[in-house]
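>>> next come a sequence and a model predicted from it.
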Amino acid sequence: MTTIGPTDSSLVPRFAGPATFARLPRLDEVPAADIVVAGVPFDSGVSYRPGARFGPAHVRESSRLLRPYHPGLGVSPFEVAQVADAGDIVANPFRIDEAVESVQAGAAALTADGARLVVVGGDHTISLPLLRAAAERHGPVALVHFDAHLDTWDTYFGAEYTHGTPFRRAVEEGILDTEALSHVGTRGPLYGPRDLEDDRRLGFGIVTAADVYRLRVDEVVDRLRARVGDRPVYLSIDIDVLDPAHAPGTGTPEAGGLTSRELLEILRGFADLDVVGGDVVEVAPAYDHAEMTGVAAAHVAYDLVSLLAMGHARRTAV
Ligand SMILES: N=C(N)NCCCC(=O)O
Ligand SMILES: [Zn+2]
Ligand SMILES: [Zn+2]
């Protein structure tokens, strides 16, 4: 197939021109896209440091150095699939309920023709509407959730839609396949032992950050893949899964996290899974240094796009 690829960095310096993700064409510059990258600049659901509303712009800016061939996965994602940047889904910063509806509608519109979606957030609140849109198309999905936090808490200050509650809401709504839910990278203090009991009751299995250290990447990948099986799976990556040394630019940092190498290698272990979509959230550039967090998030999004491109190539192979 012939695709419209990124701007050629040997012809136009990579630091020139406006930033789209990986210098890809905008969605309105291509006839149709197989994979769409969209931003959701929304952070009204945070419980601590604000600023993830600036995540999409920062990750796009930090993605200028990405190149078109992924040697780890052996794929040229922008050749085997038409990938485009759809810009941002607009979400009301003053009305969280309305924002959640807009994100769901925006994701549904971008995937209505069968395109698969990678979203750059934004705080973790947005994964709920993104999962709703994924479940509308695929039925209840498996989930691999990379995060320092469980994000299965009930409410904050009485609010149901926050960045600490999306996955409890998703289970309650029946949009997740409760046989196939995993958290990866969990660590740090909790409010009490009940947090873990509730989480288990909702159906989650946990690979803690300490497990990743002790078991190492290959064993972790085997366990996660076994839990997902051949189900459609959604990948949600809160950048705070990384140690603050790898990703300082985030709102609720916790010590003792994954390295970016561990995270990327785990993702690369998912090459043959039926990935239906994903997000990378909680990038808050005000606390970043030297684009460390932006670059890590850009690489995570590139890996998500590459996994989706491989799936697209498999589905369209004759
Ligand atoms: N970063 C995310 N998504 N959630 C963190 C919530 C932690 C807390 O407020 O206790
Ligand atoms: Zn988190
Ligand atoms: Zn989170």
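Yep, that arrived. Numbering: from 1, shown residues only. Ligands and ions are numbered 1, 2, ... in the order given.
>>> which residues of this protein lie near ligand 1?
Ser47, Tyr48, His124, His149, Asp151, His163, Gly164, Asp238, Asp240, Thr252, Glu282 (C-beta under 6 Å from any ligand atom). C-beta coordinates here come from the backbone N, C-alpha and C atoms, glycine included.
>>> out of those, who's the most crowded?
Glu282 (32 neighbours; other C-beta atoms under 10 Å).
>>> let me know whether the longest helix along the chain sits next to ligand 2.
Longest helix in the chain by number of residues (criterion: DSSP state H): helix 292-316. No: if you take C-beta under 5 Å from the ion as the test, helix 292-316 misses ligand 2, and the best it gets is 12.9 Å.
>>> hang on, the earlier thing: among the residues of the chain next to ligand 1, name the ones in strands.
Asp238 (DSSP state E).
>>> and the residues of the chain next to ligand 1 as CSV, adding pLDDT and distance to Ala271?
Below are the residues of the chain next to ligand 1 laid out as CSV (pLDDT from 0 to 100; distance: C-beta to C-beta, whole Å):
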residue, pLDDT, distance to Ala271
Ser47, 98, 35
Tyr48, 98, 35
His124, 99, 25
His149, 99, 27
Asp151, 99, 26
His163, 98, 29
Gly164, 98, 31
Asp238, 99, 22
Asp240, 99, 25
Thr252, 98, 31
Glu282, 99, 25
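>>> in TSV: the residues of the chain next to ligand 1, plus distance to Pro13.
Formatted as TSV, these follow (distance: C-beta to C-beta, whole Å):
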residue	distance to Pro13
Ser47	41
Tyr48	38
His124	35
His149	39
Asp151	40
His163	37
Gly164	42
Asp238	33
Asp240	33
Thr252	36
Glu282	31
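>>> which ones are touching Leu307?
Leu73, Leu235, Leu267, Phe270, Ala271, Leu273, Val275, Gly278 (C-beta atoms under 8 Å, 6 or more residues apart in numbering).
>>> strands of the chain, start to end?
Under DSSP E, the chain gives strands at 35-40, 83-88, 116-121, 141-146, 176-186, 204-208, 232-238, 274-281.
>>> near ligand 3, which residues of this protein are found?
His124, Asp147, His149, Asp151, Asp238.
>>> residues near the second one, how many?
Think Asp147. For Asp147, using other C-beta under 10 Å, the count is 25.
>>> what's the closest non-adjacent residue to it?
Spatially, and ignoring its direct neighbours in sequence, Asp147 is nearest to Asp238 (3.9 Å; C-beta to C-beta, 6 or more residues apart in numbering).
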